[in-house]
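**Student:** sequence unknown, structure follows:
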């Protein structure tokens with residue numbers, strides 16, 4: 001101890017400072033370090049919990065994004081199917097309308113042909129009657145000079161028979 005005194009160190013003062021340092025260390029440890037470490041541990045746990053929640057939220061977000069993409073793809077497929085079905089339906093309707101129009105045109109053409117045929121027959125019959133009347137008139141003029149009434153009657157009957165057979 002004298003060696004310490006020769007160095008200018010007071011042992012009592014050194015012991016008092018060591019005791020003071022120990023008390024200070026004890027007080028700091030008890031009132032400052034423990035609460036500070038506890039607060040840091042709570043904060044560390046809170047940060048870890050927040051990180052885990054963020055990962056969970058990120059996973060859920062990725063899952064929701066994947067589901068949204070799948071639903072969007074499904075909706076696109078359904079829309080494509082609907083458009084395809086509508087196109088097919090329109091083509092079928094168009095074909096049916098074209099077929100109906102063709103049959104109507106065919107019916108109109110057939111009706112016109114029938115009408116023309118009947119008009120032709122009517123005109124031919126009318127022409128035959130007129131021709132027969134002209135033949136009869138010509139025969140009467142030619143035979144006017146002939147005095148045989150019996151011959152005139154027979155010719156007239158023959159001409160009328162020809163005219164009636166023609167119609």
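**Tutor:** Happy to help now that I have it. Fair warning: this is a prediction, and the values are worked out from it, not measured in the lab.
**Student:** if you average pLDDT over the helix or strand in which residue 37 is found, what comes out?
**Tutor:** Using DSSP states H and E, residue 37 maps to helix 34-143. For helix 34-143, the mean pLDDT works out to 91.
**Student:** Count the neighbours of residue 128 for me.
**Tutor:** Neighbours of residue 128 under the rule other C-beta atoms under 10 Å: 16. (Glycine included, C-beta is placed from N, CA and C.)
**Student:** before we move on, what about residue 22?
**Tutor:** 10.
**Student:** Just want the most central residue of the chain.
**Tutor:** The centre of the chain sits closest to residue 83, judged by C-alpha atoms, centre = their mean, with a distance of 2.5 Å.
**Student:** Report the contact partners of that one.
**Tutor:** If a contact means C-beta atoms under 8 Å, 6 or more residues apart in numbering, then residue 83 has no contacts.
**Student:** Roughly how far does it sit from residue 66?
**Tutor:** According to C-beta to C-beta, to the nearest Å, residue 83 stands 26 Å off from residue 66.
**Student:** got it, and residue 118?
**Tutor:** Taken as C-beta to C-beta, the span from residue 118 to residue 66 is 78 Å.
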